[in-house]
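A.B. asks: one predicted model, sequence on top.
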Amino acid sequence: MVNEKFDLEATVPYSPEVMGERTTRVLDTALFQYMARQLWEMRQHMEAEQREGEVMQRTFDDVTTGTTYDIRKNEGINFFIADIFNEGPNTAYIRINHRMTEEITLWAGQGIVLNHEKAKRKLSWLRFRCDDDETAVIRVIGQY
């Protein structure tokens, strides 16, 4: 192993004498803008992941062929955990977030807990439906 000191200035000639004062300022500005963007994205991510420790309850009294609950749009938040109860009288089907293609069947009187604490995407959108000519009452208790 060679014990040589690494000389960054010799490797990367980043000085006004080599590159010119104007070029150095342009690179400084570009680097600052890049760092500011990275910090802004990190802050957005941290704010989205921060729990407020609050609970919100919503009841949908007349779920028929399709009821959408856009949590992010209506409430301005995402749920980390949601307890969903079908209070009947018929079976309901649930789809979570826009990307999920498979429906969850929820029979009358049944409940389910959706835990997205460790998921990349929090609960931001729920869609409920019943079979034709059937209705259900759905109660959602979300933690954010």
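C.D. replies: Looks like it arrived, so ask away.
A.B. asks: now the longest helix belonging to the chain: mean pLDDT?
C.D. replies: Criterion DSSP state H: the longest helix present in the chain is helix 21-49. Mean pLDDT, helix 21-49: 79.
A.B. asks: the following helix or strand past that helix pairs with which strands, parallel or anti?
C.D. replies: Downstream of helix 21-49, the next assigned helix or strand under DSSP states H and E is strand 55-63. Sheet pairing of strand 55-63 (DSSP bridges) gives strand 136-143 (antiparallel).
A.B. asks: show residues contacting the partner strand.
C.D. replies: Residues outside strand 136-143 that contact it (C-beta atoms under 8 Å, 6 or more residues apart in numbering): 51, 53-63, 67, 69, 71, 79-92, 106, 108, 123, 126, 128, 130. All C-beta spots, glycine's among them, are computed from the backbone N, C-alpha and C.
A.B. asks: name the residues of it that come out as buried.
C.D. replies: For strand 136-143, burial by neighbour count (16 or more other C-beta atoms under 10 Å) applies to 136-138, 140-143.
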